[in-house]
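1. need coordinates for the following:
(one chain, ligands or ions: 1)
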Amino acid sequence: MATDRKVAFITGVARGQGRAHAVKLASAGFDVVGLDICADIPTMDYSNATPDDLATTVKEVEAAGGRIVVEVGDVRSYDDLRRALAAGLDRFGRVDVLIANAGIIRLSPDGDRDRTWVDIIDVNLTGVWRTIEVVLPAIRAGGRGGSIVLTSSSAGLKGTGTDKAGALAYTAAKRGLVGLMQSLANEYAAEMIRVNTIHPTGVASGMTTSAVMEQLMAEAARGENNTISRMQNALPISVLQPEDIANAVAWLVSDEAAYLTGVQLPLDAGFAIR
Ligand SMILES: NC(=O)c1ccc[n+]([C@@H]2O[C@H](COP(=O)([O-])OP(=O)(O)OC[C@H]3O[C@@H](n4cnc5c(N)ncnc54)[C@H](O)[C@@H]3O)[C@@H](O)[C@H]2O)c1
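-> Residues are numbered from 1 along each chain as shown. Predicted structure coming up:
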């Protein structure tokens, strides 16, 4: 039987922004269903989250007063997504919010350019599509409306010059999410299901604290020209925290933003206007 508390389904929940969303929403009275791959993807140049990271998310959500069901799984897999949804419905009986947050990047010089392109499109675009395919019917079944947030990026609003296949794929996928969002927002508006994209600038997370990223940042700080050196915020802050993004998203999925749909929301310290 469905509980009174709203339920959020969050992908990439084991660390970074996904964990921050889970903890913030738990403190706002939500229960959480989370999925994370907890394994590396060979074409990437940094590690994904671990099972220990996922366990930390569970502890932090519970400490914030929420209940949580987590599954290890890949957003590219319908089976994994369905398993997570089934576990969540079994425990909580409803889903109200989807935060399609899982994503990967590669900004260092390419390995296999084509494989890098395919993996990033598969996770960041097709993975989001498959997540929606599995979770949206459960939101619709509730008949209470709902809110879907697709985590795009500042790269989804503005392409910065690069010859790296990873960065090109990332920009293409994140921009693709805007089109997906607009079509879904139109299609499901009549059911009061809101669909929006968020566009964070650089956020301190597992994706950006790797050795490779630190090297790129050091090069940029020395005035060298690389993918990072072309990315700058207008406000005098170089990197945001996952909680900065989660605070805005908690508002976006709340009733205070009840009539906000079809929006590309920059959470970017002014990156888009620079
Ligand atoms: N960090 C930034 O600077 C930044 C900026 C803009 C947008 N984003 C986007 O924010 C989202 C969250 O990233 P983050 O910054 O928290 O980085 P992160 O690497 O810390 O978190 C991403 C999470 O997704 C998981 N994941 C990766 N591939 C997966 C898959 N196939 N299936 C399931 N889970 C998978 C990882 O294990 C990890 O826990 C991503 O979509 C990213 O593209 C990040």
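
2. so what's the residue nearest to the spatial centre of the chain up against?
-> Closest to where the C-alpha atoms of the chain average out (CA atoms, centre = their mean) is N101, at 1.6 Å. Residues near N101 by CB atoms under 8 Å, 6 or more residues apart in numbering: 10-13, 17-18, 21, 149, 151. C-beta coordinates here come from the backbone N, C-alpha and C atoms, glycine included.

3. now for the residues you listed: which two are most distant?
-> Greatest spacing in those, by CB to CB: V13 and V149 (13.4 Å).

4. tell me which of those two has more neighbours.
-> V13 (34 against 24; other CB atoms under 10 Å).

5. in this model L25 seems to touch that one, though I could be wrong.
-> No - the criterion here is CB atoms under 8 Å, and V13 misses it with L25 at 10.6 Å.

6. which neighbours do these two share?
-> Jointly contacting V13 and L25 under the rule CB under 8 Å, 6+ apart are V32.

7. for V75, which three-state class applies?
-> State at V75, reduced to three classes by DSSP: H, G, I helix; E, B strand; the rest coil: coil.

8. for the spatially closest residue to it that is not a sequence neighbour, pull up the helix or strand it's in.
-> Of all residues not flanking V75 in the chain, G127 sits nearest, at 3.4 Å (CB to CB, 6 or more residues apart in numbering). Here G127 sits within helix 127-142, counting by DSSP states H and E.

9. helices or strands up against that helix?
-> Secondary-structure packing of helix 127-142 (3 or more CB pairs under 8 Å, 6 or more residues apart in numbering; DSSP states H and E): strand 7-11, helix 78-92, strand 97-100, strand 146-151, helix 165-188, strand 193-200.

10. does any part of the third one sit near the ligand?
-> No - Strand 97-100 stays clear of the ligand (CB under 6 Å from any ligand atom), getting no nearer than 8.1 Å.

11. contact residues of the stretch 151-274 of the chain facing the ligand?
-> 151, 153, 200, 202-203, 205-208.

12. so of the helices and strands packed on helix 127-142, which one's packed in deepest?
-> Of all the helices and strands packed on helix 127-142, strand 7-11 carries the top mean neighbour count, a mean of 30, counting by mean count of other CB atoms under 10 Å.

13. what is the mean pLDDT for it?
-> Per-residue pLDDT values across strand 7-11 average out to 99.

14. likewise for stretch 244-262?
-> The average pLDDT within stretch 244-262 is 98.

15. buried sites along that stretch?
-> Within stretch 244-262, the residues that count as buried by 16 or more other CB atoms under 10 Å are 244-246, 248-250, 252-254, 257, 261-262.

16. tell me where the stretch 151-274 of the chain is predicted with low confidence.
-> 230-231 (pLDDT under 70).

17. taking the stretch 51-200 of the chain, what residue is nearest to the ligand?
-> Of all residues in the stretch 51-200 of the chain, the one sitting closest to the ligand is G103 (2.3 Å; CB to the nearest ligand atom).

18. state the number of residues packed around that residue.
-> G103: 25 neighbours (other CB under 10 Å).

19. let me know the secondary structure of it.
-> Secondary structure, three-state DSSP: G103 is coil.

20. I figured it hits L125, correct?
-> No - the criterion here is CB under 8 Å, and G103 misses it with L125 at 9.6 Å.

21. sorry, back to before: just put the residues of the stretch 151-274 of the chain next to the ligand in JSON lines and tack on distance to L235.
-> Putting these into JSON lines (distance: CB to CB, whole Å) gives the following:
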{"residue": "T151", "distance to L235": "20"}
{"residue": "S153", "distance to L235": "17"}
{"residue": "P200", "distance to L235": "13"}
{"residue": "G202", "distance to L235": "12"}
{"residue": "V203", "distance to L235": "14"}
{"residue": "S205", "distance to L235": "19"}
{"residue": "G206", "distance to L235": "24"}
{"residue": "M207", "distance to L235": "21"}
{"residue": "T208", "distance to L235": "18"}
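
22. those, buried ones only, as a ChimeraX selection?
-> Filtering those down to the buried ones (16+ other CB under 10 Å) takes a single ChimeraX command:
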select :151,153,200,202,203,205,206,207,208
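
23. how about the residues of the stretch 151-274 of the chain next to the ligand, which pair is most distant?
-> Of all pairs drawn from those, the widest gap by CB to CB lies between S153 and G206 and measures 15.1 Å.

24. before I go, just wanted to say thanks for your time.
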